[in-house]
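Participant: I would like to see how this sequence folds:
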Amino acid sequence: MQLTTDGHKAYLSAVENHFGRGGIDYAMLVKIYGADPQAEKRYSPAQCLGCEKDEVFGNPDRKHISTSYVERANLTMRMNMRRFTRLTNAFGKKVENHAHAVALHFMAYNFHAIHGSLRVTSAMEAGVTDHVWDIEEIVDLLEREERAADKQRVILK
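Facilitator: I've put the predicted structure just below:
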């Protein structure tokens, strides 16, 4: 497996602690930003002046060192779940509620939503399922998991 992160230093130890040096090909893509002299100062993002691809450990393929896929996934999540947009009434503060919302989003996105370029769901394209899940199936799955957790709690008592 190959993993690319941005230049945040905390990722160095996190990746090594989780995967170990032998378990992954790891690279960092460090973007170099500077001010755009033509831009309005308050609302304009910094201009990307270039990128450095750093091979951290393992044997990452330089042509696949990119953060584009995860950045696109994060954008899709923010656009579909307004709770990740600050300064809105949907912005949530409880971590547990965030976790549930993220799980529901990705379940619906991968198993229920037919993607235009694929003409099927992501899960169907990956061979994980053979049909588009309807919302009732997703709710039934959740209810089954809750019943199983309740039985486990009873056994542990």
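Participant: Residue 29 falls within a helix, correct?
Facilitator: No - assessed with DSSP: H, G, I helix; E, B strand; the rest coil, residue 29 is strand; it does not lie in a helix.
Participant: Confirm residue 66 sits in a helix?
Facilitator: No - secondary structure assignment (three-state DSSP) places residue 66 in coil, not in a helix.
Participant: Residue numbering should commence at 51 henceforth.
Facilitator: Sounds good: first residue 51 from here, last item residue 116.
Participant: Only C-alpha atoms, please: export the lowest-mean-pLDDT helix or strand in the chain in PDB.
Facilitator: Across the helices and strands of the chain, mean confidence by mean pLDDT, DSSP states H and E is lowest for helix 118-130: a mean of 87. Taking C-alpha atoms only, helix 118-130 is exported to PDB below (Å, rounded to 0.1, in the frame of the first residue of the first chain):
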ATOM      1  CA  SER A 118      -5.800  14.800  -4.700                       C
ATOM      2  CA  TYR A 119      -7.900  11.800  -4.000                       C
ATOM      3  CA  VAL A 120      -8.200  12.400  -0.200                       C
ATOM      4  CA  GLU A 121      -8.700  16.200  -0.800                       C
ATOM      5  CA  ARG A 122     -11.600  15.300  -3.200                       C
ATOM      6  CA  ALA A 123     -13.100  12.900  -0.600                       C
ATOM      7  CA  ASN A 124     -12.900  15.600   2.100                       C
ATOM      8  CA  LEU A 125     -14.500  18.100  -0.200                       C
ATOM      9  CA  THR A 126     -17.400  15.700  -1.000                       C
ATOM     10  CA  MET A 127     -17.900  15.000   2.700                       C
ATOM     11  CA  ARG A 128     -18.000  18.800   3.500                       C
ATOM     12  CA  MET A 129     -20.400  19.500   0.700                       C
ATOM     13  CA  ASN A 130     -22.700  16.700   1.600                       C
END
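Participant: contacting residues around the longest helix seen in the chain?
Facilitator: Taking DSSP state H as the assignment, the helix of the chain that covers the most residues is helix 185-206. Applying C-beta atoms under 8 Å, 6 or more residues apart in numbering, the contact partners of helix 185-206 are 154, 157, 158, 161, 162. Glycine gets a C-beta too; all of them are placed from N, C-alpha and C.
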